[in-house]
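**Student:** build me a structure from this.
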Amino acid sequence: MLATTYGSAVYGVDAQIITIETSVGDGAKFFIVGLPDIAVKESQQRVEAALKYNGFFMPRNNVVVNMAPADLKKEGAAYDLPIALTILNASGQLNASIADYLIMGELSLDGKVRPIKGALPMAVAARQAGFKGFILPKCNANEAGIVNQLEVIGVDHISEAVHHLSGKKIIPPTIIETREVFYNENTAFSVDFEEVQGQENVKRALEISAAGGHNLIMIGPPGAGKTMLAKRLPTILPPLNLSEALETTKIHSVAGKLKTDSRLIAQRPYRAPHHSISDTALVGGGTIPQPGEISLAHNGILFLDELPEFKRTALEVMRQPLEDRTVNISRAKLSVSFPANFMLISSMNPCPCGYFNHPEKECVCNPTQRSRYLAKISGPLLDRIDLHVEVTPVNFDQLTSKRKTEKSEHIRERVLKSRTIQSLRFENIEHVHCNAMMSSNMVRKYCEIDDQGKALLKNAMQKLGLSGRAFDRILKVARTIADLSASEKIAVNHLAEAIQYRSLDRSMWTS
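**Tutor:** Predicted coordinates:
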């Protein structure tokens, strides 16, 4: 007999439907065809043990499992459940229509169903393909339940799937009120800027960064508060909209980064990888490409602490994603794209010892050592960072002060007003939502400056030796500062403030 059901494979952040056909006929061998990897081939042993443990029998006939399309690589153990159910159906042990469902799940030897990766994009593909429902591990049901107009059936055991399909014990579908979950969770933060004493100049730079979506680097000695400030940046960013939340959740689902029983990612992601990270882990890749940290930070923040300690090759591969806001990974038979629209926030010490320009401690590094330390970060990468801000230590009086500082929600209100101005400015331009995303042509159009501003900027470029890219970045930052002031035109003071955020272009760092 022949039985057919459907599974799914994820390539990039989208899922493709896989047809799983099982034939039980004359002979005494077991075959899985359709370009399976080792984990898929090993399903024979897992499926056989699970069926026997639960009172079913494994046919001793010739069993052929075909996974189509045959030219696409299939990987992982998530095909165990659909293979097991087609074997039961083809051998007459399960009398039910299983072709109406998309089915995925890894089996343990006693028949328990283990979690899978990519449940959300699979559920999206199932709804688009018009399936009646999606049978998957129960711990992934909340994630897949985000997709409306699809019966999401979560099962803990193969027997539950058999009973549901045969009608013996119907499992109610998992229903998630997506909008309710989203709006209840997208503004709950455990940290706040009001906990930070001093550092007003850095808070201002972070506000500008959040308002325009600009990349930022903080330079300062150890213990000055760089990491603490970076962790609070998400509290002043505009909240995710529902579309962004779904896109972000899909990426984390594909990477297997969602927690058990998790649903929708309602807050902007904040990723802070260690400086020992490999190029592939940062950007993404693998035999079947998986998203890296820069894609996991999509619609959020990628924080690189101690930037010069990262491998030069790892930093250089970020240059293209920082410009294009997407990562293209090509293999011999496969090419995928991962979104990578993130804000790069980084920090570094000013020198190897960490105390150059410290108000109290003396630096023991010579100019050559400082120059070599800064040279670990290439000029092209620094050009792509809009804001360079110096962080100085907070003195004792500031640390012990009981003066209340501004709350994140108040800063966020100003950021949202600025983003509203930008949304109206770019409402007819696709894929541009904030000032940092402007092209060079758009900079010329929306960042006009008067003669006095041109003279100031010309003087700054000559003295600091700025590149054409840095010129554009200064104008973008000045546009954001003007938006925060609700000013239609970029004034000289806006331009002057933007120029001062180019600390690493100054010669004083190596003198």
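
**Student:** any idea how many residues pack against residue 255?
**Tutor:** Using other Cβ atoms under 10 Å, residue 255 has 20 other residues around it. C-beta here means a position set from N, CA and C on the backbone, and glycine is covered the same way.

**Student:** in this structure it contacts residue 294, no?
**Tutor:** No: the criterion here is Cβ atoms under 8 Å, and residue 255 misses it with residue 294 at 11.8 Å.

**Student:** list residues touching both of these two?
**Tutor:** Shared contacts of residue 255 and residue 294, defined by Cβ atoms under 8 Å, 6 or more residues apart in numbering, are absent.

**Student:** show me which helix or strand of the chain is least confident by mean pLDDT.
**Tutor:** Sorting the helices and strands of the chain by mean pLDDT, DSSP states H and E puts helix 178-185 at the bottom, at a mean of 70.

**Student:** would you mind identifying the next helix or strand past that helix?
**Tutor:** Next along the chain after helix 178-185, taking DSSP states H and E as the criterion, comes helix 200-212.

**Student:** could you give the mean pLDDT of that next one?
**Tutor:** Helix 200-212 comes out with an average pLDDT of 94.

**Student:** tell me which stretches of the stretch 351-500 of the chain form helices.
**Tutor:** In the stretch 351-500 of the chain, the helices defined using DSSP state H, counting those that start in this stretch lie at 367-374, 379-383, 396-399, 408-425, 440-446, 451-464, 468-484, 492-500.

**Student:** which one of these lies closest to residue 262?
**Tutor:** Proximity to residue 262 (Cβ to Cβ) singles out helix 408-425 among these, at 24.4 Å.

**Student:** other residues contacting that closest one?
**Tutor:** Contacts for helix 408-425 (Cβ under 8 Å, 6+ apart): 189, 192-194, 203, 207, 210-212, 232, 235-238, 433-435, 446, 480, 483-484, 486.

**Student:** going by mean pLDDT, which of the helices of the stretch 351-500 of the chain comes out lowest?
**Tutor:** Mean pLDDT is lowest for helix 396-399 among these, at a mean of 74.

**Student:** where in the chain is pLDDT low?
**Tutor:** Scanning the chain for pLDDT under 70 picks out the ranges 181, 184-187, 261, 505-511.

**Student:** grab the most central residue of it for me.
**Tutor:** Central residue of the chain (Cα atoms, centre = their mean): residue 296, 2.1 Å from the mean position.

**Student:** state the distance from the nearest residue to it once chain neighbours are set aside to residue 343.
**Tutor:** With sequence-adjacent residues excluded and distances taken as Cβ to Cβ, 6 or more residues apart in numbering, residue 296 is closest to residue 271, at 5.3 Å. Going from residue 271 to residue 343 by Cβ to Cβ, to the nearest Å gives 11 Å.

**Student:** give me the common contacts of those two.
**Tutor:** 300, 301, 302.

**Student:** so which of those residues sit within strands?
**Tutor:** The members of those that map onto strands under DSSP state E are 301, 302.

**Student:** ok, and the most crowded of the shared contacts of residue 271 and residue 343?
**Tutor:** For the shared contacts of residue 271 and residue 343, neighbours tallied by other Cβ under 10 Å; top is residue 302, 26 neighbours.

**Student:** so it makes contact with residue 344?
**Tutor:** Yes: with contact defined as Cβ under 8 Å, residue 302 reaches residue 344; the gap is 5.5 Å.

**Student:** how close does the residue lying closest to residue 329 once chain neighbours are set aside sit to residue 333?
**Tutor:** Using Cβ to Cβ, 6+ apart and skipping residues adjacent in sequence, the residue nearest residue 329 is residue 289, 4.3 Å away. Residue 289 is 12 Å from residue 333, where distance means Cβ to Cβ.

**Student:** between these two, which has more neighbouring residues?
**Tutor:** Higher neighbour count among residue 289 and residue 333: residue 289, with 23 against 9, using other Cβ under 10 Å.

**Student:** give me the buried positions along stretch 316-331.
**Tutor:** Of all the residues in stretch 316-331, those buried under the rule 16 or more other Cβ atoms under 10 Å are 317, 318, 321, 322, 325, 326, 327, 329.

**Student:** check which helix or strand covers the third one.
**Tutor:** Using DSSP H and E, the secondary-structure element containing residue 321 is helix 319-324.

**Student:** who's in contact with the next helix or strand after that helix?
**Tutor:** Next along the chain after helix 319-324, taking DSSP H and E as the criterion, comes strand 326-330. With Cβ under 8 Å, 6+ apart as the contact definition, strand 326-330 has outside contacts at 283-285, 289, 292, 294-295, 320-321, 335-341.

**Student:** now stretch 42-51, how far from the centre of its chain.
**Tutor:** Distance of stretch 42-51 from its chain centroid, counting by Cα atoms, centre = their mean, to the nearest Å, is 35 Å.

**Student:** extract the C-alpha set from it and format it as CSV.
**Tutor:** Written as CSV, here are the backbone C-alpha positions of stretch 42-51 (Å, rounded to 0.1, in the frame of the first residue of the first chain):
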residue,chain,number,x,y,z
GLU,A,42,18.8,6.9,11.2
SER,A,43,15.1,7.5,11.7
GLN,A,44,14.5,3.8,10.8
GLN,A,45,15.9,2.7,14.2
ARG,A,46,14.0,5.4,16.1
VAL,A,47,10.7,4.8,14.3
GLU,A,48,11.0,1.0,14.7
ALA,A,49,11.7,1.2,18.4
ALA,A,50,8.9,3.7,19.0
LEU,A,51,6.3,1.6,17.1
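
**Student:** which SS class is residue 99?
**Tutor:** Here residue 99 is recorded as coil under DSSP: H, G, I helix; E, B strand; the rest coil.

**Student:** try residue 32
**Tutor:** Using three-state DSSP, the structure places residue 32 in strand.

**Student:** so who does it touch?
**Tutor:** 40, 41, 43, 44, 65, 67, 83.

**Student:** how does it look with 10 Å?
**Tutor:** For residue 32, the contacting residues are 20, 22, 40-44, 63-67, 74, 79, 83, by Cβ atoms under 10 Å, 6 or more residues apart in numbering.

**Student:** could you chop this protein up by domain?
**Tutor:** Following automatic domain parsing, one gets these domains for the chain: 2-166, 185-509.

**Student:** so which of those gets nearest residue 179?
**Tutor:** For the domains of the chain, the distance to residue 179 is smallest for domain 185-509, at 6.8 Å, taking Cβ to Cβ.

**Student:** where do the strands sit along the stretch 101-250 of the chain?
**Tutor:** 101-103, 106-107, 113-114, 133-137, 151-155, 216-219 (DSSP state E, counting those that start in this stretch).

**Student:** now do stretch 229-239: distance to the chain's middle.
**Tutor:** Between the centre of stretch 229-239 and the centre of its chain there are 16 Å (Cα atoms, centre = their mean).

**Student:** with stretch 392-410 instead?
**Tutor:** Computed by Cα atoms, centre = their mean, the chain-centroid distance of stretch 392-410 equals 32 Å.

**Student:** tell me the buried residues in that stretch?
**Tutor:** Buried residues in stretch 392-410, counting neighbours by 16+ other Cβ under 10 Å, are found at 392, 393, 394, 408.
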